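Undergrad: For reference, the sequence and a predicted model appear below.
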There are 2 protein chains.
Amino acid sequence: MPSIKDVATLAGVAVGTVSRVINNSGAVKPDTRRKVEEAIQELNYIPNEVARNFKIGKSKMVALLLPSIWHPFFSELAYYIEDELDREGFKLMLCNSGGKPEKELYYLDMLQQNKVAGIVGITYNDIENSVSNDIPIISIDRHFNKNITCVTSDNYEGGRLALRELVKAGAKKPAFMGSVTSVFSETMNRREGFIQEAKALGIDYAVYEKSDPVEDDDAYFDEFLDKHHDVDGVFAITDMFAAKYIERAGKMGIRVPEDVKVIGYDGIQDHPYFHPILSTIRQPVEEMARMTIRLLYKKIEGESLHRDVYRLPVVFRAGETT
Amino acid sequence: MPSIKDVATLAGVAVGTVSRVINNSGAVKPDTRRKVEEAIQELNYIPNEVARNFKIGKSKMVALLLPSIWHPFFSELAYYIEDELDREGFKLMLCNSGGKPEKELYYLDMLQQNKVAGIVGITYNDIENSVSNDIPIISIDRHFNKNITCVTSDNYEGGRLALRELVKAGAKKPAFMGSVTSVFSETMNRREGFIQEAKALGIDYAVYEKSDPVEDDDAYFDEFLDKHHDVDGVFAITDMFAAKYIERAGKMGIRVPEDVKVIGYDGIQDHPYFHPILSTIRQPVEEMARMTIRLLYKKIEGESLHRDVYRLPVVFRAGETT
């Protein structure tokens, strides 16, 4: 394998000159540049990026810290994040935290050691003090107090929209169904939008919540079904909550959408082959992913961002459950 | 941020000594090691892994090259691969190729430049000559001729099992339904197992295949439905094929499983909330992921592997379609 020295020797220049050509840094005469490029081609020299990163003191690696890639919402997000990174020659390091605080802390520590260029974090735990100010970071869905920009869907408008769609579908007593994380997350605005819109329209409503994570699904849904006989519409905080509710309600003889209209949040179903196709508030996953990376690039380049939170519009996607 | 020089100064030793302590390489007197470790702690010095990798000439990064993380089979696989890598402090770089040969070649070239420690490749194209002998690589599902070990599920046995289960469910004329990639892939053994078992049992059968990728789904399934009126059992090469067939057949008034029994391959449905729950040949995804990484470690350490192909057993998982 030829080295940078071989290239320098063949081109008749100093090693530093070859380095400047490869890294596109510093002035190099056009003639000299040509000679170096010819030598690189002739020797089929492959620059060693590990070494190059060492010289320029940074890597072109961006880390994505998320609860689990094995979830349709996160895998779609990761797909577009990788695609957007690749456009600028950045690479994606994937870190599954399992949603566990200790694993998130471990990864954040590891990422600082590895000098990644930046981090995209999807975390619902209290790791605020462990997030270094040195590393550019963009958060998805989670609004930290610190100088960490957050990209999220317009959860509040999504909640309002869900309430209106349930009412439009005929619900007289809609309920919000969700779980509460220990720290504030933008996703909580789904409930707020739902409640405020119900109040504004003078609609009777219910709210049903338990602490996150919900350990016993059956108990969670049975308690809801037990307490809320009069509910004829459900806005579930995620599509998975909606799907689980429908399955459990079906076993109790409750038909969806005949007896209860159901709307989820996310839009995880990409295919019309599995039923029920959920009526849902669809997050603009691709736009969120691309905006996250473009904002991260700005941070990496030292620019300051105009806003703390970037909220992207959501749409209602009708399925078979309203 | 303290540098390695600061550590050396405080400990009263040379920079090389600090480096040997950090990298655990070369002899260092216990007393000296203690002094260095104390200095590291006192200064809260974080070793720069980019620099460290440069010194030892390798990274602890493993690349996963796959068609798309946005597919339930691959995202489950990636989840367990990352988990297994993390046990040894390795990190996962994710590369979506979109299944396109030019993107696969681009990534392979990029990975050589980045000196990753190893590659896990899931590719169905003819990129054989572009795979460097220098980088340890394990392939999933694809058997190259070169010295590249492959981990796969027992596709042949899976095909036999599917045939037997269709017959057991009452099918008199089962069909294999699939697509053909341009290069040999282990997945093709699904068809072989199916055919051989049908012959062995003296069962009348059909085979329906088109070149991969299938561009026009509707035309693909309509042609099958048109040609194979007498088929009362379908073994689809993947769960997605099975799900699409069932949807299309339903529109033509064909009921599953009453008129046609259907079995897929993969086992992508993690939740019993979306229907139909497919009867399927379940790949042991977690075991495949962990074995892949353990074999890759052996290759990274220069060991030679005993086999070219490691096939892991599959099971039949009954759903609502047989």
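TA: Right, received. Where do you want to start? If you're wondering where the values come from, they're calculated on a predicted model, not measured in any experiment.
Undergrad: Next secondary structure after the lowest-mean-pLDDT helix or strand in chain A?
TA: Using mean pLDDT, DSSP states H and E, helix A:49-56 stands out as the lowest-scoring helix or strand of chain A, at a mean of 52. Going down the chain from helix A:49-56, the next helix or strand is strand A:61-66, by DSSP states H and E.
Undergrad: mind listing what's buried in that following strand?
TA: Going by neighbour count (16 or more other C-beta atoms under 10 Å in any protein chain shown), the buried part of strand A:61-66 is A:Met61, A:Val62, A:Ala63, A:Leu64, A:Leu65, A:Leu66. C-beta: built from backbone N, CA, C; applies to glycine.
Undergrad: would you list the residues you listed in JSON lines and tack on pLDDT and distance to chain B?
TA: Listed next are these as JSON lines, based on pLDDT from 0 to 100; distance: C-beta to the nearest C-beta, whole Å:
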{"residue": "A:Met61", "pLDDT": "87", "distance to chain B": "7"}
{"residue": "A:Val62", "pLDDT": "92", "distance to chain B": "10"}
{"residue": "A:Ala63", "pLDDT": "92", "distance to chain B": "8"}
{"residue": "A:Leu64", "pLDDT": "95", "distance to chain B": "8"}
{"residue": "A:Leu65", "pLDDT": "93", "distance to chain B": "11"}
{"residue": "A:Leu66", "pLDDT": "92", "distance to chain B": "11"}
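Undergrad: closest to A:Ile237 among the residues you listed?
TA: Minimum distance to A:Ile237 across the buried residues of strand A:61-66 is 17.8 Å, recorded for A:Leu66 (C-beta to C-beta).
Undergrad: is it true that that closest one touches A:Gly98?
TA: No - applying C-beta atoms under 8 Å as the test, A:Leu66 and A:Gly98 come out as separate, 9.8 Å apart.
Undergrad: Look up how far B:Pro30 lies from the most centrally placed residue in chain A.
TA: Most central in chain A under C-alpha atoms, centre = their mean is A:Ile140, positioned 4.8 Å from the mean C-alpha point. To B:Pro30, A:Ile140 is 47 Å away according to C-beta to C-beta, to the nearest Å.
Undergrad: now swap in A:Ala117 and tell me
TA: 38 Å.
Undergrad: ranges for the strands of chain A?
TA: A:61-66, A:91-96, A:118-121, A:137-140, A:149-153, A:174-180, A:206-211, A:233-236, A:261-266, A:279-282, A:309-312, A:315-317 (DSSP state E).
Undergrad: Those: which one's closest to A:Glu37?
TA: strand A:91-96 (24.4 Å).
Undergrad: Each with direction, which strands does the closest one pair with?
TA: strand A:61-66 (parallel), strand B:91-96 (antiparallel) (DSSP bridges).
Undergrad: Dump the C-alpha coordinates for it into CSV.
TA: Taking C-alpha atoms only, strand A:91-96 is exported to CSV below (Å, rounded to 0.1, in the frame of the first residue of the first chain):
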residue,chain,number,x,y,z
LYS,A,91,-20.9,9.1,8.4
LEU,A,92,-23.4,7.9,10.9
MET,A,93,-22.5,6.2,14.2
LEU,A,94,-25.5,4.4,15.6
CYS,A,95,-26.0,4.2,19.4
ASN,A,96,-29.0,2.3,20.9
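Undergrad: Contact distance from chain B - what residues of the stretch 101-250 of chain A qualify?
TA: A:Met110, A:Gln112, A:Gln113, A:Asn114, A:Lys115, A:Asp134, A:Met240, A:Ala243, A:Lys244, A:Ile246, A:Glu247 (C-beta under 8 Å from any C-beta of the partner chain).
Undergrad: Please report phi then psi for A:Ile277.
TA: Backbone geometry at A:Ile277, expressed as degrees, to the nearest 10, gives phi -80, psi 120.
Undergrad: show me the contacts for the residue nearest to it when sequence neighbours are not counted.
TA: Sequence neighbours aside, A:Gly319 is the residue nearest to A:Ile277 in space, at 3.9 Å (criterion: C-beta to C-beta, 6 or more residues apart in numbering or on different chains). Counting by C-beta atoms under 8 Å, 6 or more residues apart in numbering or on different chains, A:Gly319 makes contact with A:Gln269, A:Pro276, A:Ile277, A:Leu278, A:Ser279, A:Thr280.
Undergrad: how about JSON lines for those, with neighbour count and pLDDT added?
TA: JSON lines is the format used below for the contacts of A:Gly319 (neighbours: other C-beta atoms under 10 Å in any protein chain shown; pLDDT from 0 to 100):
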{"residue": "A:Gln269", "neighbour count": "21", "pLDDT": "90"}
{"residue": "A:Pro276", "neighbour count": "20", "pLDDT": "97"}
{"residue": "A:Ile277", "neighbour count": "16", "pLDDT": "97"}
{"residue": "A:Leu278", "neighbour count": "28", "pLDDT": "98"}
{"residue": "A:Ser279", "neighbour count": "24", "pLDDT": "98"}
{"residue": "A:Thr280", "neighbour count": "29", "pLDDT": "98"}
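Undergrad: that older thread, can you put the strands of chain A in JSON lines and add distance to B:Ile122?
TA: As requested, these are exported to JSON lines (distance: least, C-beta to C-beta, whole Å):
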{"stretch": "strand A:61-66", "distance to B:Ile122": "19"}
{"stretch": "strand A:91-96", "distance to B:Ile122": "15"}
{"stretch": "strand A:118-121", "distance to B:Ile122": "24"}
{"stretch": "strand A:137-140", "distance to B:Ile122": "27"}
{"stretch": "strand A:149-153", "distance to B:Ile122": "30"}
{"stretch": "strand A:174-180", "distance to B:Ile122": "35"}
{"stretch": "strand A:206-211", "distance to B:Ile122": "39"}
{"stretch": "strand A:233-236", "distance to B:Ile122": "34"}
{"stretch": "strand A:261-266", "distance to B:Ile122": "26"}
{"stretch": "strand A:279-282", "distance to B:Ile122": "29"}
{"stretch": "strand A:309-312", "distance to B:Ile122": "32"}
{"stretch": "strand A:315-317", "distance to B:Ile122": "31"}
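Undergrad: residue ranges with poor pLDDT in chain A?
TA: A:1, A:23-26, A:46-58, A:114, A:126-128, A:132, A:144-147 (pLDDT under 70).
Undergrad: which stretches of it form helices?
TA: Assigned helices in chain A, in chain order: A:4-11, A:15-23, A:30-43, A:49-56, A:72-87, A:101-113, A:155-168, A:189-201, A:217-227, A:239-251, A:285-300 (criterion: DSSP state H).
Undergrad: ok, and for the last one, which residues are buried?
TA: For helix A:285-300, the neighbour count (16+ other C-beta under 10 Å) marks A:Val285, A:Met288, A:Ala289, A:Arg290, A:Met291, A:Thr292, A:Ile293, A:Leu295, A:Leu296, A:Tyr297, A:Lys299, A:Ile300 as buried.
Undergrad: and of those, the nearest to chain B?
TA: A:Val285 (9.5 Å; C-beta to the nearest C-beta).
Undergrad: Next, find the distance separating the closest one from B:Phe274.
TA: 19 Å.
Undergrad: Number of residues surrounding A:Asp212?
TA: Counted with other C-beta atoms under 10 Å in any protein chain shown, residues neighbouring A:Asp212 total 16.
Undergrad: One more: A:Ser179?
TA: 17.
Undergrad: residues contacting it?
TA: Contact partners of A:Ser179, counting by C-beta under 8 Å, 6+ apart, are A:Glu209, A:Lys210, A:Ser211, A:Asp212, A:Pro213, A:Val214, A:Ile237, A:Phe241.
Undergrad: Just the buried subset of the residues you listed, written out for ChimeraX, thanks.
TA: Listed next is the ChimeraX selection for buried residues among those, using 16+ other C-beta under 10 Å:
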select /A:210,212,237,241
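Undergrad: how does chain A divide into domains?
TA: A:4-56, A:61-153+A:285-312, A:155-283 (automatic domain parsing).
Undergrad: Quick one: those domains as TSV, columns for distance to B:Ala39 too.
TA: Formatted as TSV, those follow (distance: least, C-beta to C-beta, whole Å):
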stretch	distance to B:Ala39
domain A:4-56	23
domain A:61-153+A:285-312	17
domain A:155-283	36
